[in-house]
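Trainee: here are the coordinates; sequence isn't available:
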């Protein structure tokens, strides 16, 4: 039997990604989101949704760029902090001791210590309701060499990304390998 | 040191969700996607991106509705199969032995055996490039009672959703609890 929860933002898993942007004075800022996902393969695009009230919203509208830094489970405290404090009030890099890196391709910073970073140029934004959806074209993906496998590809079990469950709001880590996609379900 | 992978659809984690729809003859169909995410809190909306070539694209354009069924890790083979076969050629419910359920709120079926289902009404669709992005307003979320915790809330460790790593294309399961969100990173 299934229990009905009504019209709520409840699905699993959702990601834990940290959005990097600069404010008007050039101060780097990070904000953690779970409302987002890849939305197109060509051009490669990833979407994030932000409330207008956030500091990051204004930053991205101004510079038309953001990064996504993917924290590993060892950075769960910093990721959670990025989602609570506002760049209006504090310098989140100073508060966490993490290091902002200047992107190569876009006008937004990413986190040196996190294993993975995407550099995105805003190509659209849509008003959905409480949230504005930004569509960012992925211009580059950068991954730490020590989380790559023997073939030079990213290894999820080394990246150890966080997952978010919206209700109740909790973080989880990843478990193990389940199977190759486009393969394990073959019937022929 | 970070290695550059260029402009690719590579970020982790991405979800493994099965999109339910009816074709013109009323045959229920499922398709697995990883390109999607929650995109608004009010109204609650979840986005999925589909290529026009898919059978599901035509179904959703016709009926303006879809469901998302969340497979647990024990259904990894069925989820992978849903992402490879086309509803043009086969009846995926018959092939997998899974059971279609008629939704209460929208004109689309979901999978009885999967622990979680969302019923979504299409409120927008946007052409991004190779993919069309559908914005679905979540009208109801249904979750199996045996994956709820003592408070009646969903328990991620009982739902056991799958994660997808795009490059190389692989499925993973979830690990353990990391901490409460809006809490573990508090500095005060």
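Mentor: Ah, there it is. All values derive from a computational prediction rather than experimental measurement. Residues are numbered from 1 along each chain as shown, chains lettered A, B, ... in the order given.
Trainee: just give me the neighbour total for residue A:14.
Mentor: 23 (other CB atoms under 10 Å in any protein chain shown). Where you see a C-beta, it was placed from the backbone N, CA and C, and this is true even at glycine.
Trainee: again, but for residue A:67
Mentor: Using other CB under 10 Å, residue A:67 has 28 neighbouring residues.
Trainee: my guess is it meets residue A:22, correct?
Mentor: No: counting by CB atoms under 8 Å, residue A:22 is not a contact partner of residue A:67; they are 10.2 Å apart.
Trainee: tell me, what's touching these two both at once?
Mentor: Here residue A:67 and residue A:22 have A:108, A:109 as joint contacts, going by CB atoms under 8 Å, 6 or more residues apart in numbering or on different chains.
Trainee: contacting residues for the closest residue to residue A:73 other than its chain neighbours?
Mentor: Leaving aside its sequence neighbours, residue A:73 sits nearest to residue A:173 (CB to CB, 6 or more residues apart in numbering or on different chains; 4.1 Å). The neighbourhood of residue A:173, defined by CB under 8 Å, 6+ apart, consists of A:73, A:160, A:162, A:163, B:174, B:175, B:176, B:178.
Trainee: check the gap between residue A:173 and residue A:146 for me.
Mentor: 18 Å (CB to CB, to the nearest Å).
Trainee: could you do residue A:48 as well?
Mentor: Distance from residue A:48 to residue A:146, counting by CB to CB: 27 Å.
Trainee: give me the more crowded residue out of these two.
Mentor: More neighbours surround residue A:48 than the other of residue A:48 and residue A:146, with 28 against 9 (other CB under 10 Å).
Trainee: beta-bridge partners for that one, please?
Mentor: Under DSSP bridges, the beta-bridge partners of residue A:48 are residue A:36, residue A:134.
Trainee: and it, how far is that from residue B:176?
Mentor: Residue A:48 is 27 Å from residue B:176, by CB to CB.
Trainee: what about the residue lying closest to residue A:147 once chain neighbours are set aside, which helix or strand?
Mentor: Excluding its sequence neighbours, the residue lying closest to residue A:147 (CB to CB, 6+ apart) is residue A:158, at 3.9 Å. Assigned by DSSP states H and E, residue A:158 belongs to helix A:156-159.
Trainee: who does the helix or strand just after that helix pair up with?
Mentor: Counting by DSSP H and E, the element after helix A:156-159 in chain order, helix or strand, is strand A:163-165. If you go by DSSP bridges, strand A:163-165 pairs up with strand A:14-15 (antiparallel), strand A:170-180 (antiparallel).
Trainee: got TSV for these, with distance to residue B:43 and mean pLDDT too?
Mentor: Shown next, in TSV, are these (distance: least, CB to CB, whole Å; pLDDT from 0 to 100):
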stretch	distance to residue B:43	mean pLDDT
strand A:14-15	17	98
strand A:170-180	24	97
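Trainee: give me whichever of those strands is most buried.
Mentor: strand A:14-15 (a mean of 25; mean count of other CB atoms under 10 Å in any protein chain shown).
Trainee: what does that one rub up against?
Mentor: Against strand A:14-15 from outside (CB under 8 Å, 6+ apart): A:34-37, A:161-166, B:11-15, B:37-38.
Trainee: so what strands line up beside the helix or strand following that strand?
Mentor: Using DSSP H and E, the helix or strand that follows strand A:14-15 in sequence is strand A:17-22. In its sheet, strand A:17-22 lies beside strand A:28-33 (antiparallel), strand A:65-70 (antiparallel), with partners assigned from DSSP bridges.
Trainee: residues in contact with strand A:17-22?
Mentor: A:28-34, A:36, A:48, A:50, A:56, A:59-60, A:63, A:65-71, A:79, A:82, A:100, A:103, A:107-111, A:114, A:117, B:11.
Trainee: need the strands paired with strand A:17-22 in TSV with mean pLDDT, can you?
Mentor: Shown next, in TSV, are the strands paired with strand A:17-22 (pLDDT from 0 to 100):
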stretch	mean pLDDT
strand A:28-33	98
strand A:65-70	98
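Trainee: out of those strands, deepest packed?
Mentor: strand A:65-70 (a mean of 26).
Trainee: pretty sure residue A:106 contacts residue A:65?
Mentor: Yes: taking contacts as CB under 8 Å, residue A:106 lies within contact range of residue A:65: 3.9 Å.
Trainee: overlap of the contact sets of these two?
Mentor: Common contacts of residue A:106 and residue A:65 (CB under 8 Å, 6+ apart): A:119, A:120, A:121.
Trainee: so which helix or strand takes in the first one?
Mentor: Assigned by DSSP H and E, residue A:119 belongs to strand A:116-127.
Trainee: any idea of the mean pLDDT in that strand?
Mentor: For strand A:116-127, mean pLDDT rounds to 98.
Trainee: buried sites along that strand?
Mentor: Buried residues in strand A:116-127, counted by 16 or more other CB atoms under 10 Å in any protein chain shown: A:116, A:117, A:118, A:119, A:120, A:121, A:122, A:124, A:125, A:126.
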